[in-house]
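Chemist: Below: sequence and its predicted model.
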Amino acid sequence: MKIIYTDVLIIGGGLAGLRVATGIKERGHDAVVLSLVPPKRSHSAAAQGGMQASLANSVMGEGDNEDVHFSDTIKGSDWGADQEVARMFVHCAPKAIRELAHWGVPWSRVKRGGREAIINAKKVTITEKDEAHGLITARDFGGTKKWRTCYTSDGTGHSMLFAMDNKAKQDGVEVHERMEAISLITHEGRCYGAVARNLMTGDLVAYVSKATTMATGGYGRIYSVSTNAIICQGIGQALALETGIATLGNMEAIQFHPTAIVPVGILTTEGCRGDGGLLLDKDGYRFMPDYEPDKKELASRDVVSRRMTEHMRKGKGVKSRYGDHLWLDITILGREHIEKNLREVKEICENFLGIDPAVDWIPVRPTQHYSMGGIRTKYTGESQTLTGLYSCGEAACWDLHGFNRLGGNSVSETVVSGMMVAEYIADFCDSFDSSMHIHSSQIQIALEKEHEKLEALLNNKDGEDAYVLRRRMEEIMMDKVGIFRNETDLQEAVDELEELYKRSKNIEVFRCKSRAANPALVNAYRTQKMLKVALTVAYGALLRKESRGAHSREDYPARDDENWLNRTITSWPDKNQTMPSVSYEDINIDTMELPPGWRGYGKDLTKHHPDTKVRQETVDIVKEKLEADGASRFEIQNALMPYLKNLPLKYQGTNERLGENV
């Protein structure tokens with residue numbers, strides 16, 4: 001029996017996991033990171049467009065601040081987000097981005113004087129102020145009132161991840177690569193680490209810790225086409241679910257990105273449209289202004305994805321052997337701009353499509369991209385139901401994004417949630433609450449249990465082929481739990497997924513029986529877990545009879561605040577269940593700073609909650625009185641929804657901006 005003890009175990013070596021690890025180390029605690037791949041190969045590197053933070057350095061960002069960023073985030077979430085969490089996030093984002101600059105991220109910078117830009121298909125001259133020269137600049141992104149998305153060309157995630165990994169090495173963070181957590185160790189309602197499998201040797205190791213952090217990213221690979229890396233399979237969410245104690249939140253909230261290339265589904269950044277790129281149909285016609293005359297191509301991602309799909313349904317898509325698609329035209333930006341600010345897009349187009357985007361239009365269509373759902377946590381990142389288990393980044397639902405995430409808020413969330421959750425974990429480790437009460441015999445039992453599962457897969461005869469089950473799961477999710485959803489498709493999806501899950505209990509590992517490096521064995525046990533995750537998504541979507549954010553029901557087109565202003569909470573308390581258990585957590589209007597309203601897209605079909613009007617009147621009265629008394633925006637916000645008390649003391653300070661004295 002091999003046991004490794006540490007203060008904090010972090011599962012996942014991307015931006016969120018590494019930022020937690022460095023924060024833990026700075027507080028004097030030991031941390032071990034488990035990573036399927038070398039950290040610099042984590043999916044965080046794929047983020048292209050940028051990181052949102054209300055710096056307001058560029059002239060196009062003037063007037064931006066935490067209030068505007070907060071409003072954009074809540075409206076983007078379709079009022080599904082936790083508003084206190086959103087406030088904490090927008091307050092800390094400027095701090096996080098400046099910290100990353102200090103650690104070596106080469107953010108693109110403001111240059112004084114005039115520069116050409118494309119806005120609404122027209123060339124305009126933007127004149128930057130002298131005093132902003134050299135400060136971090138920003139580009140436009142969907143669903144935002146101001147230019148807020150800070151970037152490094154279109155390799156933002158890449159540069160952030162490399163700087164973060166270098167910082168982790170500098171701080172002496174211990175990273176165990178090619179190690180996969182396959183179960184969490186729990187005892188008497190407390191998480192004490194995980195059983196991990198060495199992907200090269202097949203050896204099982206118990207990592208025992210005071211606190212365990214899940215930072216494994218999303219679950220996009222339950223779909224047949226996704227912009228996610230192949231390691232984004234929802235295994236972190238599945239491990240939490242399989243404890244029978246931890247819960248998941250809003251698993252049906254799946255975002256489709258408008259502009260993935262056809263057919264492989266690799267992302268072309270929202271920065272293409274933020275910088276002025278256009279969406280065109282088979283006739284070369286720019287159709288988005290017809291649907292969204294205000295924001296056009298830069299409406300929220302869920303809105304643009306639906307409009308594109310609607311347009312293709314009208315017969316306006318470009319026919320191809322891979323199905324219909326539309327065109328993304330960035331030729332209007334010019335070769336110099338593309339080669340400087342969209343160089344990854346150019347390389348993707350050259351290598352995967354054989355085209356030059358400075359000359360040719362890019363074939364695109366909406367593709368699964370992001371998971372708003374995840375392990376349900378408190379604002380501290382700790383599971384609401386399993387002590388000692390924390391989560392952050394895309395793996396978690398704490399709940400910043402509600403039912404739709406704004407572009408640029410994801411990479412921002414990884415480092416912001418990582419830096420905050422690290423403080424809460426360190427506080428936990430500093431307290432007597434973190435004392436460990438688990439006998440080594442319990443750890444031995446956990447190891448033997450996982451060993452027996454693996455042996456059963458390897459020794460099974462006349463069983464199911466995991467590859468067949470998984471491919472069918474991916475097809476079902478893509479065809480029946482996609483951008484537009486309806487009762488018939490969702491019920492069929494749930495029924496067939498449940499049957500696939502039952503069959504997965506009889507998987508046989510074909511082709512290779514090795515206990516060491518064996519992709520067939522890995523696929524076998526992951527497929528069982530992925531099917532559980534897929535069921536939480538499909539079943540949650542079936543039960544939610546409304547449209548909210550990225551969850552769009554054709555048979556229930558209205559956002560129904562009266563009946564569905566809540567979060568879906570999913571659990572799997574009995575290992576013999578073949579379906580998840582579902583309950584709901586109300587979202588309290590009475591504590592909202594920004595009561596539910598119309599997002600500003602399409603026709604307002606909202607069924608309003610009776611408490612909304614009362615809360616809005618209360619908010620208006622408080623604002624009017626405080627404004628008349630000369631109160632600052634900080635005082636007004638604090639009166640409406642106090643949140644600073646929740647933040648670690650070191651992050652409570654006010655952010656400074658050009659032209660705003662604090």
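Modeler: Now that the structure is in, tell me what you want to look at. Residues are numbered from 1 along each chain as shown.

Chemist: contacts and neighbour counts: CA atoms only from here.
Modeler: Noted.

Chemist: what's the burial count for Gly134?
Modeler: Here the number of neighbours of Gly134 (other C-alpha atoms under 10 Å) works out to 13.

Chemist: now do the one 10 residues further on
Modeler: Taking other C-alpha under 10 Å as the criterion, the count of residues near Thr144 is 23.

Chemist: which residues does it contact?
Modeler: His69, Asp72 (C-alpha atoms under 8 Å, 6 or more residues apart in numbering).

Chemist: Name the SS class of it, please.
Modeler: Three-state call for Thr144 (DSSP: H, G, I helix; E, B strand; the rest coil): coil.

Chemist: Now do it, the pLDDT please.
Modeler: Thr144 carries a pLDDT value of 91.

Chemist: how close does it get to Cys92?
Modeler: 18 Å (C-alpha to C-alpha, to the nearest Å).

Chemist: Render the CA-only coordinates of the helix or strand hosting Arg98 in CSV, please.
Modeler: Using DSSP states H and E, Arg98 maps to helix 83-102. The C-alpha coordinates for helix 83-102 follow below in CSV (Å, rounded to 0.1, in the frame of the first residue of the first chain):
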residue,chain,number,x,y,z
GLN,A,83,-24.9,37.6,-7.4
GLU,A,84,-22.7,37.7,-4.3
VAL,A,85,-20.2,35.4,-6.1
ALA,A,86,-20.4,37.6,-9.2
ARG,A,87,-19.6,40.7,-7.1
MET,A,88,-16.6,38.9,-5.5
PHE,A,89,-15.4,37.9,-8.9
VAL,A,90,-15.6,41.3,-10.7
HIS,A,91,-14.0,42.9,-7.6
CYS,A,92,-10.9,40.6,-7.8
ALA,A,93,-10.5,40.3,-11.5
PRO,A,94,-8.4,43.5,-11.9
LYS,A,95,-6.2,42.3,-9.0
ALA,A,96,-5.7,38.9,-10.7
ILE,A,97,-4.7,40.3,-14.1
ARG,A,98,-2.2,42.7,-12.6
GLU,A,99,-0.7,39.9,-10.5
LEU,A,100,-0.4,37.8,-13.7
ALA,A,101,1.4,40.7,-15.4
HIS,A,102,3.8,40.8,-12.5
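
Chemist: contact partners of that helix?
Modeler: Contacts for helix 83-102 (C-alpha under 8 Å, 6+ apart): 52-55, 66, 69-70, 73-74, 107, 160, 163-164, 379, 398-400, 412-413, 415-417, 419, 592-594, 641-644, 646-647, 651, 654-655.

Chemist: Give me the neighbour count for Asn351.
Modeler: 11.

Chemist: does it count as helix, strand or coil?
Modeler: helix.

Chemist: residues contacting the closest residue to Met51 other than its chain neighbours?
Modeler: Leaving aside its sequence neighbours, Met51 sits nearest to Gly408 (C-alpha to C-alpha, 6 or more residues apart in numbering; 4.5 Å). The contact partners of Gly408, by C-alpha under 8 Å, 6+ apart, come to Gly49, Gly50, Met51, Gln52, Phe141, Thr149.

Chemist: okay, now His337: neighbour count?
Modeler: 18.

Chemist: doesn't Leu161 make contact with Ala46?
Modeler: No: here Ala46 lies out of contact with Leu161, judged by C-alpha atoms under 8 Å, at a distance of 9.6 Å.

Chemist: more neighbours, the two?
Modeler: More crowded of Ala46 and Leu161, by other C-alpha under 10 Å: Leu161, with 29 against 21.

Chemist: What is the burial count for Glu562?
Modeler: Other residues near Glu562 come to 14 when the count uses other C-alpha under 10 Å.

Chemist: Please tell me how far it sits from Asp82.
Modeler: The value you get for Glu562 to Asp82, if C-alpha to C-alpha is used, is 17 Å.

Chemist: gap between Asn459 and Leu267?
Modeler: Taken as C-alpha to C-alpha, the span from Asn459 to Leu267 is 40 Å.

Chemist: out of the two, which sits in the busier spot?
Modeler: Taking neighbours as other C-alpha under 10 Å, Asn459 and Leu267 compare with Leu267 leading, 24 against 12.

Chemist: Okay, and the beta partners of the more buried one?
Modeler: Ala260 (DSSP bridges).

Chemist: Would you confirm that it contacts Pro258?
Modeler: No: counting by C-alpha under 8 Å, Leu267 stays clear of Pro258, with 9.0 Å between them.

Chemist: got the end-to-end distance for stretch 334-350?
Modeler: Span of stretch 334-350 from end to end, C-alpha to C-alpha: 16 Å.

Chemist: Show me how far it is from its chain's centre.
Modeler: Here stretch 334-350 is found 25 Å from its chain centre; the criterion is C-alpha atoms, centre = their mean, to the nearest Å.

Chemist: What residues sit buried inside whatever helix or strand Arg19 lives in?
Modeler: Secondary structure assignment for Arg19, by DSSP H and E: helix 15-26. By 16 or more other C-alpha atoms under 10 Å, the buried positions in helix 15-26 come out as Leu15, Ala16, Gly17, Leu18, Arg19, Val20, Ala21, Thr22, Gly23, Ile24, Lys25.

Chemist: Just the closest of these to Tyr525, please.
Modeler: Gly17 (23.5 Å; C-alpha to C-alpha).

Chemist: which one is the closest one nearest to, not counting chain neighbours?
Modeler: Gly17's closest residue in space is Ala215 (C-alpha to C-alpha, 6+ apart), at 5.2 Å.

Chemist: what does Tyr5 give?
Modeler: In space, Tyr5 is closest to Val208, 4.9 Å off (C-alpha to C-alpha, 6+ apart).
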